[in-house]
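Q: return atomic coordinates for the entry below.
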Amino acid sequence: MRSRASPTGIEGSHGDGSTPPLELFISYSRRDFYFAEQLAVAIRRRGLRAWFDAHELLPGSDWSEEVDRAIARCDLFVLVTTRSALASD
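A: Below is the predicted model:
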């Protein structure tokens with residue numbers, strides 16, 4: 001069995017179907033939306049699954065329930081912490 005992490009960072013599946021990709025949940029302040037969105041795109045390019053609310057939530061959905069479900073099933077929780085995030089309420 002291969003590891004899904006390496007000394008240089010997190011890696012996705014190995015393409016052979018034996019290892020499902022890691023699922024990450026990205027939490028961020030609205031002030032950091034563009035940074036967090038770029039992070040989500042970069043993570044997906046590495047073959048991982050990144051749950052990002054603006055990409056996942058459908059209009060009319062129960063966003064609180066969807067967020068709770070995504071957090072419960074994620075392998076990694078990514079907290080984007082910036083000065084803006086720390087200053088927000």
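Q: list the buried residues in whatever helix or strand Asp68 lives in.
A: Taking DSSP states H and E as the definition, Asp68 sits inside helix 63-73. Across helix 63-73, burial judged by 16 or more other Cβ atoms under 10 Å covers 67, 70. C-beta here means a position set from N, CA and C on the backbone, and glycine is covered the same way.
Q: show me the shaky parts of the chain.
A: 1-18, 89 (pLDDT under 70).
Q: in it, where's the longest helix?
A: helix 33-45 (DSSP state H).
Q: same for the helix holding Asp68, what does it pack against?
A: Contact partners of helix 63-73 among helices and strands, from 3 or more Cβ pairs under 8 Å, 6 or more residues apart in numbering; DSSP states H and E: strand 23-27, helix 53-56.
Q: ok, back up a step: what's the longest helix of the chain in contact with?
A: With contacts defined as Cβ atoms under 8 Å, 6 or more residues apart in numbering, helix 33-45 is touched by 24, 26, 28, 50, 52, 54-55, 78, 80, 82.
Q: perfect, I'm done here.
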